[in-house]
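>>> Quick one, structure for this:
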Amino acid sequence: MSNSMIGDVGFGTQIRKSPYFDATVRWGAQGFSVYNHMYIPRDFGDPVQNFWNLVNGAILCDVAVERQVEITGPDAAEFVQLLTPRNLSQCAVGQCKYILVTNAEGGILNDPILLRLAENHFWISLADSDILLWAQGVAINSGLDVSIEEPDVSPLQLQGPKSGDVMKAVFGDEIEDLPYYWLREVDLNGIPLIISRTGWSSELGYEIYLRDGRHGEALWEHLMAVGEPLGLKPGHTSSIRRIEGGMLSYHADMDSKTNPFELGLGRLVDLNMDADFIGKAALTKIERQGVRRQQVGIEIDGPALESPNTRQWVLFIGSKKVGHVTSAIYSPRLKRNIALAMMDSDFSAEGTKAVVDMPSGQLPVVVVPKPFYDPKKGLAGAAL
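Numbers count the residues shown, from 1 in each chain. Okay, the predicted model is just below:
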C-alpha cells in the first residue's frame, strides 16, 4: 500500500479522496477526517476564524463525502417513499426535501437531503452511514422495478451571506430565482452541475453537485478565482454554526437507536398517509406511547470549551443520571458554551438545572430553547 503524508496524517488507498482533494491542500487544508469512507477537510487553520468567515462572508467547502444514492426506474418514487416516513406525495421534480431514513424499529439510519431530478430519478445526499447498501438490500425483496447505484457526483458547499454574490458572479443573475430547497441543472463551461439552495450551515448557501469528477480541480479553482475578490474563503463545515443553528450530526446527535419523535422531528413522520414505509408500525406505537427522552438545548456554565465535543458527557440532577450531552461547543458570537443533549422527558423542560460530568469536573447547566441563534431559520432561507 502506498501512503503520502501531510503533517501527522497518513493517506491510504483504502479510503477515497475527493476530486477536490489536491486543490484543498493547495488552498490550505491542514487536517482531514474520514466520513462515508472518504477524506474530508476539517482544518483550514483557526476554526473560530472559519466560523467568522462563514457568518460574515462566504466559504467553499469540499463535501464530496456526501455520497449520492441514485434511484431510478419505473417504481423509483414508490421505492423512495418506502425508505422514509416523510410524505413525499407533493415532492415536485426539481425540489429537495430533508428526510429521515428509518429501520423497522423506527430508528434513524440517516438524515439526508432528497433531490428529485426527474419523475423517476432521485438522489439521496447522505450523512455518514452506508445507505447505498441498505437501499440495495431493501430493493431485493421489494418487488419494485428500480436501479440503485452510486453515481459520479461530488458536492461542494458555498455558504454564507456573500454566497449569493459569488453565485451570481459565476452563474449569472438568474441564480437569484432559485428558491430555497429547489435545484437546477447547469452547464458551467462544459462542466455538468446540479445546483441546489441547500447546505449544512444555517446560513444562506448553495450546494454545487459536480457530475464528472474529472473536472474537480477546475471547478474548485474557478469558484475561488471568481469568489475570492468577493470575500470567498476556503473552509470547512463549522461545528460552531451548526450547533448554534441546532443542526444535527449523524452519529453524534442521533443513531439507529434514536427515533424522530425524540428529536422533535415528528413533522417528518406521516403515519396517516396511505403509502407504507419501513418503520411505520414501530413509529405508530412510539407516537401512541410517547417518548421517554427528548433532545434539548443546554448552556454549560464555566470556562470556554477548547474544542467541539461529542463524547456524551453525562448529565445529573443530584445523584440521578438524567441524560447526556451529544454535541457541545463554545460560541464566540454568543459568548457561552452551548450544547445539544438527550434528556429524560421528565427533566427536559426549559429552565431545568442540572450538572454535567466532564473530565475536568462537574459544571452547572440549564435547559434553554434551541436553536440558539436565528430560531426562525431566516438566514438560510432568506431571499437574495
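>>> With just CA atoms, put the longest strand along the chain into PDB.
In the chain, with assignment by DSSP state E, the single longest strand is strand 320-331. The C-alpha trace of strand 320-331 is given here as PDB (Å, rounded to 0.1, in the frame of the first residue of the first chain):
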ATOM      1  CA  LYS A 320     -29.700  10.700  39.300                       C
ATOM      2  CA  LYS A 321     -28.500  10.400  35.700                       C
ATOM      3  CA  VAL A 322     -30.900  12.300  33.500                       C
ATOM      4  CA  GLY A 323     -29.300  12.300  30.100                       C
ATOM      5  CA  HIS A 324     -26.100  13.100  28.200                       C
ATOM      6  CA  VAL A 325     -24.600  15.700  26.000                       C
ATOM      7  CA  THR A 326     -24.400  14.900  22.300                       C
ATOM      8  CA  SER A 327     -22.700  17.900  20.800                       C
ATOM      9  CA  ALA A 328     -21.100  20.800  22.700                       C
ATOM     10  CA  ILE A 329     -19.000  23.900  21.700                       C
ATOM     11  CA  TYR A 330     -18.200  27.400  22.700                       C
ATOM     12  CA  SER A 331     -19.900  30.100  20.600                       C
END
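>>> so what's the residue nearest the centre of the chain closest to, chain neighbours aside?
Central residue of the chain (Cα atoms, centre = their mean): W200, 4.9 Å from the mean position. Spatially, and ignoring its direct neighbours in sequence, W200 is nearest to T237 (5.6 Å; Cβ to Cβ, 6 or more residues apart in numbering). For the C-beta atoms, the positions are set from N, CA and C on the backbone; glycine is no exception.
>>> Next, count neighbours for G351.
G351 has 7 neighbouring residues, counting by other Cβ atoms under 10 Å.
>>> follow-up on the earlier one: can you give me the distance of the residue nearest to the centre of the chain to G302?
28 Å (Cβ to Cβ, to the nearest Å).
>>> cool, and D128?
30 Å.
>>> Compare neighbour counts for the two and give me the winner.
Using other Cβ under 10 Å as the criterion, D128 and G302 rank with D128 on top: 19 against 15.
>>> And the strands in the stretch 1-150 of the chain, which stretches?
Taking DSSP state E, counting those that start in this stretch, the strands of the stretch 1-150 of the chain run over residues 4-6, 9-11, 31-35, 38-43, 58-62, 68-72, 96-98, 101-102, 108-110, 113-118, 121-125, 147-149.
>>> Tabulate those strands in JSON lines, adding columns for mean pLDDT, mean neighbour count and distance to E221.
Listed next are these as JSON lines, based on pLDDT from 0 to 100; neighbours: other Cβ atoms under 10 Å; distance: least, Cβ to Cβ, whole Å:
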{"stretch": "strand 4-6", "mean pLDDT": "45", "mean neighbour count": "10", "distance to E221": "19"}
{"stretch": "strand 9-11", "mean pLDDT": "63", "mean neighbour count": "13", "distance to E221": "21"}
{"stretch": "strand 31-35", "mean pLDDT": "94", "mean neighbour count": "17", "distance to E221": "20"}
{"stretch": "strand 38-43", "mean pLDDT": "96", "mean neighbour count": "21", "distance to E221": "16"}
{"stretch": "strand 58-62", "mean pLDDT": "98", "mean neighbour count": "28", "distance to E221": "11"}
{"stretch": "strand 68-72", "mean pLDDT": "98", "mean neighbour count": "23", "distance to E221": "23"}
{"stretch": "strand 96-98", "mean pLDDT": "98", "mean neighbour count": "18", "distance to E221": "27"}
{"stretch": "strand 101-102", "mean pLDDT": "98", "mean neighbour count": "27", "distance to E221": "35"}
{"stretch": "strand 108-110", "mean pLDDT": "98", "mean neighbour count": "24", "distance to E221": "32"}
{"stretch": "strand 113-118", "mean pLDDT": "98", "mean neighbour count": "20", "distance to E221": "26"}
{"stretch": "strand 121-125", "mean pLDDT": "98", "mean neighbour count": "22", "distance to E221": "24"}
{"stretch": "strand 147-149", "mean pLDDT": "98", "mean neighbour count": "16", "distance to E221": "29"}
